[in-house]
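K.L.:
Sequence first, then the predicted structure, then my questions.
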Amino acid sequence: MLSSFTSPWTSRLAGSAPWLICLDLQREYVVPGRPGYAPAGPDVAAVCLKVLDHARAAGWRVVHSQLRRHATSPFGAALFGAPIEGLRPLISEPVFLRTGLSAFSDPEFAAELGNAHGAPVHLIGFSLADTCLATALAAVDHGLSLVLVEDALGAGQSPAASAPEIARAILGRFVGFVSSDEIEAAAMELAL
């Protein structure tokens with residue numbers, strides 16, 4: 001199924017710096033035994049780090065969205081809701097704590113992303129079946145050019161299909177897709 005999405009590098013060449021949305025880069029998804037853990041979680045976190053490092057070095061606007069956890073939640077409010085080591089937000093990167101599934105359920109996040117019109121917006125993180133799906137669809141509704149970094153998405157306890165297969169099957173008509181290697185290759189081409 002083909003996407004109606006145009007290349008994010010067209011906007012990059014035109015001068016619009018890309019954005020990176022980091023969803024739920026929290027310990028819950030990489031600690032064995034936790035409800036959000038899946039065996040692929042640590043590998044996904046490593047790719048998220050690769051993309052985040054690239055985005056920071058290239059001057060992208062990086063924003064984080066995390067679910068506001070309550071002390072009575074089985075996910076734990078403090079320890080497992082903390083950022084994954086190496087993926088902690090920098091002081092210059094806003095962190096939005098949401099109560100709904102979509103990052104856009106936070107009005108301040110929605111307002112911040114209103115500044116991204118005309119620029120490619122990349123998305124990485126965990127909770128593909130709920131948070132990433134809800135956020136991706138909301139981004140489309142907000143008129144953003146969203147690109148899922150398919151190897152930097154955690155599917156959690158999803159069926160046997162991989163996160164990229166799930167994402168393409170559900171969102172292929174609405175958003176673009178790129179791998180972390182394609183992001184690095186395009187950046188190298190731009191540097192030439």
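P.N.:
Great, that's in hand. Residues are numbered from 1 along each chain as shown.
K.L.:
Tell me the first helix or strand C-terminal of the longest strand anywhere in the chain.
P.N.:
Ranked by number of residues, the top strand in the chain under DSSP state E is strand 145-153. Going down the chain from strand 145-153, the next helix or strand is helix 163-171, by DSSP states H and E.
K.L.:
okay, the angle between that next one and strand 145-153?
P.N.:
Taking axes from the mean of the first three to the mean of the last three C-alpha atoms, to 10 degrees, one finds helix 163-171 and strand 145-153 inclined to each other by 150 degrees.
K.L.:
any idea of the mean pLDDT for the helix or strand following helix 163-171?
P.N.:
Going down the chain from helix 163-171, the next helix or strand is strand 176-178, by DSSP H and E. The average pLDDT for strand 176-178 rounds to 86.
K.L.:
which strand residues sit across from the residue minimising distance to the centre of the chain in the sheet?
P.N.:
The centroid of the chain falls nearest to residue 124 when counting by C-alpha atoms, centre = their mean (2.3 Å). When bridges are called by DSSP bridges, residue 124 pairs up with residue 22.
K.L.:
Run a quick check on it versus residue 48, I expect a contact.
P.N.:
Yes: counting by C-beta atoms under 8 Å, residue 124 does reach residue 48; the two are 4.9 Å apart. Bear in mind the C-beta positions are built from the backbone N, C-alpha and C, glycine included.
K.L.:
can you list residues touching both of these two?
P.N.:
Contact with both residue 124 and residue 48 is made by residues 22, 25, 152, according to C-beta atoms under 8 Å, 6 or more residues apart in numbering.
K.L.:
Quick check: mean pLDDT of the longest helix along the chain?
P.N.:
Counting by DSSP state H, the longest helix found in the chain is helix 41-58. For helix 41-58, mean pLDDT is 94.
K.L.:
which other residues reach that helix?
P.N.:
Helix 41-58 has contacts (C-beta under 8 Å, 6+ apart) with 18, 20, 22, 25, 29-30, 62, 84, 86-87, 90, 122, 124-126, 149, 151-154, 156, 163, 180, 183-184, 187.
K.L.:
same thing but at 6 Å, please
P.N.:
20, 29-30, 62, 84, 86-87, 124, 149, 151-152, 154, 180, 187 (C-beta atoms under 6 Å, 6 or more residues apart in numbering).
K.L.:
tell me the contacts of residue 109?
P.N.:
65, 96, 103.
K.L.:
Now with 7 Å, please.
P.N.:
65, 96, 98, 103 (C-beta atoms under 7 Å, 6 or more residues apart in numbering).
K.L.:
now the second one, what's its secondary structure?
P.N.:
The three-state label for residue 96, taken from DSSP: H, G, I helix; E, B strand; the rest coil, comes out as strand.
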